[in-house]
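Enquirer: Sequence and predicted structure below; questions after.
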Amino acid sequence: MSKTVTIFGSSLPVPGEKEYEDAYNIALILCSNGFNICNGGYQGVMDATAKAAKENKTEAFGITVPHFSAKVSEHLTKVIYTDTLFERISKLIEIADAFVVLAGGTGTLLELSAIWEFMNKRIIPIKPIAVYGNIWGNLISIMDERMIVEKRQTGLINYFDDLEACSDFIITSLKK
């Protein structure tokens, strides 16, 4: 059975913009290694990653919620409808064998925080998490310092500023 990587990021980037192309390229590498993609189901990073999956003939699962009146990506192979934002986040986490978090706003931060907290509280098993882009570097460092103070596990989040290194981390982690 193929493993699935949930990819989080902004709904705003469009084709041709760096964030869209980075998302597409990370997903392209993951899909060419046989992994399925899961995302929030809409545009921006979600559309880019679904497009890469579709082109590689792997699954692209989109988890949507009616609260958002956004256009669903045409590249999804399966749309899963949820009733609430929290149900959506839970499903995005549940489906994943690993996570990639790209640049995004408060929604992306909420998703990353939920994964991190669920792992720290042992609500879900520890799974590989890669964050890509300079938006995350300082935040991860500051939070890991706090985890030391709280006597919680550190090093759960792996920061990358290189696309290939980010993808390689997920591939290597999931092939163990």
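Expert: Nice, I can see it. This one's a predicted model, so the numbers in the text were calculated from it and none came from an experiment.

Enquirer: Please state the backbone phi and psi of the residue of the chain positioned farthest from its centre?
Expert: For the chain, the residue at maximal distance from the C-alpha centroid (Cα atoms, centre = their mean) is residue 149, at 27.4 Å. Per-residue torsions, residue 149: phi -60, psi -40 (degrees, to the nearest 10).

Enquirer: Check what pLDDT it gets.
Expert: We have a pLDDT of 95 for residue 149.

Enquirer: surely residue 108 meets residue 8?
Expert: Yes. Between residue 108 and residue 8 there is a contact at 5.0 Å, judged by Cβ atoms under 8 Å. Where you see a C-beta, it was placed from the backbone N, CA and C, and this is true even at glycine.

Enquirer: Please enumerate the shared neighbours of those two.
Expert: 101, 102 (Cβ atoms under 8 Å, 6 or more residues apart in numbering).

Enquirer: out of the two, which sits in the busier spot?
Expert: Taking other Cβ atoms under 10 Å, residue 108 and residue 8 do not tie; residue 8 has more neighbours (28 against 21).

Enquirer: residues in contact with that one?
Expert: Residue 8 touches 39, 40, 45, 92, 99, 100, 101, 102, 104, 108, 111, 112, counting by Cβ under 8 Å, 6+ apart.

Enquirer: Could you single out the nearest of those residues to residue 13?
Expert: residue 45 (6.2 Å; Cβ to Cβ).

Enquirer: State the pLDDT value of the residue nearest to that closest one when sequence neighbours are not counted.
Expert: Excluding the flanking residues, the one nearest residue 45 by Cβ to Cβ, 6 or more residues apart in numbering is residue 9, at 3.1 Å. pLDDT for residue 9: 97.

Enquirer: Show residues contacting whichever strand or helix holds residue 80.
Expert: Residue 80 belongs to strand 78-81 when assigned by DSSP states H and E. Counting contacts by Cβ under 8 Å, 6+ apart, the residues outside strand 78-81 that touch it are 41, 59, 60, 61, 62, 63, 64, 65, 66, 72, 91.

Enquirer: wait, what's in contact with the second one?
Expert: Read that as residue 59. For residue 59, the contacting residues are 2, 4, 36, 37, 53, 77, 78, by Cβ under 8 Å, 6+ apart.

Enquirer: related to what we said a few turns ago, for the residue nearest to residue 45, give me phi and psi.
Expert: In terms of degrees, to the nearest 10, the main-chain angles of residue 9 are phi 170, psi -180.
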